[in-house]
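K.L.:
how would this look folded up:
(2 chains)
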Amino acid sequence: MKIVIQTEKLSKCYGNIKAVDELDLKVFEGETFGMLGPNGAGKTTAIRLLNCIIKPTSGTATVKGHDILREGEGVKRITGLLAESPSMYEKLSAYEFLEFVGALYGVPGDVLRQRADDLLKLFGLHERRDYLLEGYSRGMRQKVLIAAALVHDPPILFLDEPTSNLDPSAARMVKDLIEQLTKRADKTIFICSHILPIMEEMCDRIGIINRGKLVALGTVDEIIAQTGADDLEGAYIAMTGGVEEKDLLAWREQGIVGP
Amino acid sequence: MSGHKWFVIARNEYRISTSKMRAMRPYFPYLALALLAVYVAFIAPMVVGIFMDDFLAFIISVAAIPMVQIILFMFFFFFLLTSIGDTLREVRTERLEAILAAPIRPSDMLLGEFLGKMPFYAIAITVIAGSFVALLNPLGLDMIQNAMIIVIFIITSLSAVWIGTVIASILRTRLAKAVHGRDVGRALSVVIALPGIAMIYAIISGDLQDELVDPATSGTVRAVLNLLPSSWGAEIFSAFAHNPGNIGVVGLEAMTRFGGLLAFFLAALLLGTKAVNRAYSLEPTDIWNTSWNGAHLIWRNISGKWGYIIRITCHPL
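P.N.:
Numbering: from 1, shown residues only, chains lettered A, B, ... in the order given. Below is the predicted model:
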């Protein structure tokens, strides 16, 4: 299989903190790859590095043959990003926002107009296409942002928490969409999420990152087998550490007198 | 298309600015042009006619040149502050992340933001320049003299808006990474306006005019004003007012300053595009960790409830 994302000892340090620590990773064409990890583990930093939004402290990576250090514009042209906590241009309508993002990626005007309309129909937002985004709910905004990541039809998609804020039916639609994008359109999808069932269902392979280091890599079954756990949740906790049941209420047993 | 990314950004800025009047957005430029034409042709001459006698007495007085310099400085300062203030009120990293993910150069972002603001600044520039021309026209200025006055206004204002856009872009990027960056940005947009407000009070109260008329003090004020690029075109205004219809009266020194104003604008454009790579970045900055560390040593040692308030206010920086 053809490798589309390859990192070589990719590292990013903020002072003494190693947000990403010598990450070695290969993602194959047409694959849905999932990156799991606790809050602050380095998932978002890894995505920012691979999208050339920030520069690595050491190491490098290639995205579809483009070096992230030397060919940033080339990388950005072939990737779509749904950021973790993106802010929107609230004074634009959904249609204007998609038109803006598409134009930034150089999508020709007539194709862009049709595509923006099609995506808004797909996400059930076409009737409100001219409403300002400031009036949209969080779920509706998330749909617009996913549409914006797709509007230039990139071969590689980075989706940070794609189903957060979505209602169950919209989340189902996004999951089906991701599946169709890989199966029918041969897209490569890199997902970060905390929702284990979604990752288990959608991803061909999963990487678990903890404190910047990749601690596990493989299919769900391989990762479960590596830890001897019963399921992915057990494997995830075994890899990243959890809290013992006896410690859960320890904070209120330190001599504080109740009412 | 890749050559026109600045246009995409500029169009987006324009759309954001006109979001409250989306229904009339297609007609807005024509409406604005028509209203401006009416203002310049009819309203401005009518309004300035009310105090024309006082103005004519003033323009040939000894205080005229420094006063025009001050007026130009005020416009420069106003455009600079408005440009910075507009940007600092909305400090958000997340929006920057969305743009940085797209294949667009920082210089395109800066140029786009600058041009996106320009329609509104152009209205203000036209109103101000139109008023000035209306004031000077009764003196009998010819076309070339009027054109030069307008050019001076345009260059002075464009320099201010450009410098403001560059400063705001850099500040916004730095502030966006601070925990209370948005609050600090809003506070800064107010604080940096204070010197301008102080000068307006000085003009209104008449203290500044007194200083300029007094030969003992006006020299210092003039020397300070001569250093400011905003006032380099002021002597041309005064020379034209004294010699309407005689373009040859403008001396070498005045023309040199006018050339200096042009050079200043071009240098600002060049330096702005060089500096812009420091803006539009999500890379960590040590601005809060180095230059503010000394201050932190002071406030963390302030005790009592005031010390607590100062610490919790300043610590997130």
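K.L.:
pLDDT below threshold where in the stretch 201-317 of chain B?
P.N.:
B:206, B:208-209, B:212-213, B:215-218, B:251, B:278, B:284-317 (pLDDT under 70).
K.L.:
now the helices: where do they sit in it?
P.N.:
Per DSSP state H, counting those that start in this stretch, the stretch 201-317 of chain B carries helices over the ranges B:207-213, B:215-227, B:234-242, B:252-275, B:293-299, B:304-314.
K.L.:
just chain A next, same as before
P.N.:
With DSSP state H, the ranges of helices along chain A come out as A:43-50, A:72-77, A:94-104, A:109-122, A:138-150, A:168-183, A:196-202, A:220-227, A:232-240.
K.L.:
distance between the ends of stretch B:225-232?
P.N.:
9 Å (C-alpha to C-alpha, to the nearest Å).
K.L.:
work out the gap between that stretch and the centre of the chain.
P.N.:
The chain centre lies 14 Å from the centre of stretch B:225-232; the measure is C-alpha atoms, centre = their mean, to the nearest Å.
K.L.:
hang on, the earlier thing: can the helices of chain A go into a markdown table with extra columns for mean neighbour count and mean pLDDT?
P.N.:
Yep, even glycine has a C-beta here, placed from its N, CA and C like the rest. A markdown table is the format used below for the helices of chain A (neighbours: other C-beta atoms under 10 Å in any protein chain shown; pLDDT from 0 to 100):
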| stretch | mean neighbour count | mean pLDDT |
| --- | --- | --- |
| helix A:43-50 | 25 | 93 |
| helix A:72-77 | 19 | 94 |
| helix A:94-104 | 25 | 94 |
| helix A:109-122 | 16 | 94 |
| helix A:138-150 | 21 | 89 |
| helix A:168-183 | 15 | 86 |
| helix A:196-202 | 18 | 89 |
| helix A:220-227 | 16 | 91 |
| helix A:232-240 | 19 | 88 |
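K.L.:
enumerate the residues of chain A near chain B.
P.N.:
Residues of chain A found near chain B (C-beta under 8 Å from any C-beta of the partner chain) are A:14, A:48, A:51, A:53-55, A:73-74, A:76-77, A:79, A:81, A:83, A:85-89, A:91-93, A:96, A:100-101, A:103-106, A:108, A:132, A:148.
K.L.:
B:L136 against B:A239, yeah?
P.N.:
No: with contacts counted by C-beta atoms under 8 Å, B:L136 stays clear of B:A239, the gap being 11.4 Å.
K.L.:
pick out whichever of those two has more residues nearby.
P.N.:
The neighbour comparison of B:L136 against B:A239 (other C-beta atoms under 10 Å in any protein chain shown) goes to B:L136, with 21 against 18.
K.L.:
phi, psi of the more buried one?
P.N.:
phi -90, psi -20 (degrees, to the nearest 10).
K.L.:
so what's it closest to, chain neighbours aside?
P.N.:
B:A241 (6.1 Å; C-beta to C-beta, 6 or more residues apart in numbering or on different chains).
K.L.:
same question, A:V27
P.N.:
A:V27 sits nearest to A:I5 (C-beta to C-beta, 6+ apart), 3.9 Å away.
K.L.:
quick one, what contacts the one you found?
P.N.:
A:25-27, A:33, A:50, A:61-64, A:156, A:188, A:190 (C-beta atoms under 8 Å, 6 or more residues apart in numbering or on different chains).
K.L.:
is A:I224 in contact with A:D231, as I believe?
P.N.:
Yes: using C-beta under 8 Å, A:I224 makes contact with A:D231 at a distance of 6.5 Å.
K.L.:
check contacts around the nearest residue to A:I198 once chain neighbours are set aside.
P.N.:
Closest residue in space to A:I198, ignoring its immediate chain neighbours: A:T163 at 5.9 Å, by C-beta to C-beta, 6+ apart. Going by C-beta under 8 Å, 6+ apart, A:T163 touches A:170-171, A:174-175, A:193, A:195, A:198.
K.L.:
repeat that with 10 Å
P.N.:
Contacts for A:T163 (C-beta atoms under 10 Å, 6 or more residues apart in numbering or on different chains) come out as A:139, A:142, A:146, A:170-175, A:178, A:191, A:193, A:195, A:198, A:202.
K.L.:
next one: A:V101
P.N.:
Taking C-beta under 10 Å, 6+ apart, one finds A:80, A:89, A:107, A:112, A:116, A:144-145, A:147-152, B:8, B:12, B:98-99, B:101-102 in contact with A:V101.
K.L.:
between A:I224 and A:D231, what contacts are shared?
P.N.:
Counting by C-beta under 10 Å, 6+ apart, the residues touching both A:I224 and A:D231 are A:E200.
K.L.:
how close does A:I195 get to A:K143?
P.N.:
17 Å (C-beta to C-beta, to the nearest Å).
K.L.:
what's the answer for A:A103, then?
P.N.:
For A:A103, the distance to A:K143 - C-beta to C-beta - is 20 Å.
K.L.:
do the same with B:K274
P.N.:
40 Å.
K.L.:
what's the answer for A:R115, then?
P.N.:
In terms of C-beta to C-beta, A:R115 sits 15 Å off from A:K143.
K.L.:
cool, and A:G234?
P.N.:
The value you get for A:G234 to A:K143, if C-beta to C-beta is used, is 33 Å.
K.L.:
now swap in A:T45 and tell me
P.N.:
A:T45 is 26 Å from A:K143, by C-beta to C-beta.
K.L.:
ok, A:I191 next?
P.N.:
For A:I191, the distance to A:K143 - C-beta to C-beta - is 17 Å.
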